[in-house]
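Asker: With the input below, show me the fold.
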Amino acid sequence: MLAGREPEQSVLNTALHRLCETQSGGCVILSGPRGNGKTALLKWLVNRAKAQKVGHLWLTPDDVASQRDLARLVNPSRIKQGLSAIGLAGRHESVEGSMRIEFEPDSHAAPVFEALHRRVKNRPCVLIVDEAHALDSLVGQALLNSTQKCLVREAPLLLVLAGTPDIQHALDSMNSSFWSRSRILGIGLIENEAVLEAIERPLADQGIALQDDAVRSEVIAEAQGYPYFAQLLGDALWESARRDQDAQAPSGSNHILGSADATYAFAVMSRHRQEFYETRLAELYDRALFDSARAVLDCFADQSSIHREQVDHVLEKTRGSAEHGAQALVQLQRLGFIWSPPGNNLRFEPGIPSFFSFLREYGYSSAPATAS
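Answerer: Here you go, the predicted structure:
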């Protein structure tokens, strides 16, 4: 289930409705730090498309390392026909509702536009690219330009790209301006009510309920508005309930999770969260970004957002040049350390505010700098 994503669902529903009813396509971009539920939103969209009998294709950068891969996957039946005509053998397997074709080394794929247009010209299709920020620039350019050509020819194609906060920088590098006219949805933290819905509804399906508002308030504080933490916490609460034989209650009655159950779940959650933070910290070290991240962290102080000019200045100073500072900024956005929600591109916010709190608590803020 999805909680707290009604505005984003409404935009995607409208785009899907236009695709079905008026054969009008377009492009939507989902941008946000990891763990905020972009993939869950894409899965919801696929289910909606299936319910309306709209074709779909789900790709990731690993599926399309080259333009030839892209052409094969967007219209495998056309490629298979072409190979049969010239006597080349191929085999196929199902991949996320699509077909993956394996070819002999000397075979040639159709151009991306031709393959894509043949697939969508007579039947509405939702083409999803998850982790789109990691697309090869030439593959991405071919995809964007081919999508634009299809839309100019009024083909019913809805392209949905999802990626980390550096996705706009990645798309810029593909030398195609088409994406800049897309609807961009920022996938950030969720409200407290959505946190409770995301946790309580699945528990209720298992006959489990939170005892009272005091426990609910504690749950909200633990989840911190971060969808991934809400998922972990829901699992921990379920585990807490299952420790008790009372969880095997007769149908129609609930197992009530009180303060003691919540305390156990919070301890489990705390261990998972600590491991998560340590993994994120290790990423910064592994990419030689720790000093840059610490400098940005110090810029925030107690502010919930800071101007881009501050970030540019501190990264230029830390990395030694404007160019190296800009490179560090892209990497920090890709990791979701900071991000700019759409509509507020001149200000940055923490990707995961509680991670900033962790860094401060353990003394990583304002420590003596070392060479990057």
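Asker: for this protein, longest helix please?
Answerer: When the chain is scanned for its longest helix (criterion: DSSP state H), the result is helix 259-286.
Asker: Tell me how many other residues crowd T263.
Answerer: Burial measure for T263: 12 neighbouring residues, criterion other C-beta atoms under 10 Å. C-beta: built from backbone N, CA, C; applies to glycine.
Asker: what's it in contact with, if anything?
Answerer: The neighbours of T263, taking C-beta atoms under 8 Å, 6 or more residues apart in numbering as the test, come to nothing; the list is empty.
Asker: sorry, back to before: buried sites along the longest helix of the chain?
Answerer: Of all the residues in helix 259-286, those buried under the rule 16 or more other C-beta atoms under 10 Å are 261-262, 264-266, 268-269, 273, 276-277, 280-281, 283-284.
Asker: With distance to V195 and pLDDT added, can I get those in JSON lines?
Answerer: Listed next are the buried residues of helix 259-286 as JSON lines, based on distance: C-beta to C-beta, whole Å; pLDDT from 0 to 100:
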{"residue": "D261", "distance to V195": "18", "pLDDT": "91"}
{"residue": "A262", "distance to V195": "14", "pLDDT": "93"}
{"residue": "Y264", "distance to V195": "19", "pLDDT": "93"}
{"residue": "A265", "distance to V195": "14", "pLDDT": "95"}
{"residue": "F266", "distance to V195": "14", "pLDDT": "95"}
{"residue": "V268", "distance to V195": "17", "pLDDT": "95"}
{"residue": "M269", "distance to V195": "13", "pLDDT": "94"}
{"residue": "R273", "distance to V195": "15", "pLDDT": "94"}
{"residue": "F276", "distance to V195": "17", "pLDDT": "96"}
{"residue": "Y277", "distance to V195": "19", "pLDDT": "96"}
{"residue": "R280", "distance to V195": "21", "pLDDT": "96"}
{"residue": "L281", "distance to V195": "25", "pLDDT": "96"}
{"residue": "E283", "distance to V195": "25", "pLDDT": "96"}
{"residue": "L284", "distance to V195": "27", "pLDDT": "97"}
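Asker: Looking at the residues you listed, which is nearest S173?
Answerer: Nearest to S173 out of the buried residues of helix 259-286 is E283 (C-beta to C-beta; 22.0 Å).
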